[in-house]
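**Student:** model the structure of this input:
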Amino acid sequence: MARTERIILGIDPGLANTGWGVVAQRGSRLSCVAYGCVSTSKDRPLAQRLRKIHEQMAAVIARFEPTCVGIETVWFGANVQSAFATGQARGAALVACAEHDLQVEEFSPSQIKLAVVGTGSAEKDQVQYMVRQLLALEDVPRPDHAADALAAAVCFTTHEGLADARVRAEALERAARQPSGRCGAVGVDARVAAAKGVRS
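**Tutor:** Numbering: from 1, shown residues only. All right, here's what the predicted structure looks like:
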C-alpha cells in the first residue's frame, strides 16, 4: 500500500473568529505544521469582515499548500442568527478553498468529536486535550478556535474512508437509475465500474 503524505487544512468557521490548523500526514503519523485564527471586529461592515476571512484563508492556503480540507458544518442548536453568521464565514473560507481546487470534506461537530476523542458527546476541553496528544504538542493550541480547526483536520484522516464509501454508494445509485439500453448491458456495466472504484 502506498504511503500517504499530504498536508491537510482544518477550518473552524465563525464570523468573529475563524480558526485554522495545518496538519501533515506521513503514513499513520500526524504532526502539527501551524495554526492560528482570523478575527474580525463586529464594528466593521459585514462585507469587509467576510473579505478579511477570505483573504487571510487564501494566504494560509498559499503559504502551506494543503491538498485537502476538513471544515466544520454549521450547528443550528444555539440560535439561528449565530448559525447564519457562521454560515457566511464558512462561505468566505470555502471560496478560498475552491480557488485553489482543494478537496473539501465537511464534518459535523459530533463527527469531529468522535474522530478525535472517541465519543460524539465529548466536551471541548476533552477535544483540546486529545488534539494536543495526537499531534504531540507541548501545550493545548490557543485560541480554542485553532484547536477545533486542528481537530477538523485530524477528522479528515479518519472519515476519509466513509466519504469514499458515500461517493461509491451514490455512483451505484445513479448507475441503477440509468436507462439499461439493449439487454441491460449499459446499466450493468455502469454498476460494475462503480463497484470497482473501491480503493485497495
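**Student:** which residue, other than its chain neighbours, is closest to residue 18?
**Tutor:** With Cβ to Cβ, 6 or more residues apart in numbering as the criterion, residue 18 has its nearest non-adjacent residue at 4.4 Å, and that residue is residue 38. For glycine as for every other residue, the C-beta is placed from the backbone atoms N, C-alpha and C.
**Student:** tell me how far the one you found lies from residue 132.
**Tutor:** To residue 132, residue 38 is 22 Å away according to Cβ to Cβ, to the nearest Å.
**Student:** packing partners of the helix or strand harbouring the residue nearest to residue 18?
**Tutor:** Here residue 38, judged by DSSP states H and E, is contained in strand 29-39. Here strand 29-39 touches strand 17-26, helix 46-64, helix 144-177, going by 3 or more Cβ pairs under 8 Å, 6 or more residues apart in numbering; DSSP states H and E.
**Student:** any idea which of those is most buried?
**Tutor:** strand 17-26 (a mean of 23; mean count of other Cβ atoms under 10 Å).
**Student:** which residues touch residue 8?
**Tutor:** 22, 23, 24, 25, 66, 67, 68, 69, 70, 153, 156, 157 (Cβ atoms under 8 Å, 6 or more residues apart in numbering).
**Student:** same deal with residue 126?
**Tutor:** Contacts for residue 126 were tallied using Cβ under 8 Å, 6+ apart; they are 113, 117.
**Student:** ok so, going back, which of the contacts of residue 8 sits closest to residue 60?
**Tutor:** residue 22 (7.4 Å; Cβ to Cβ).
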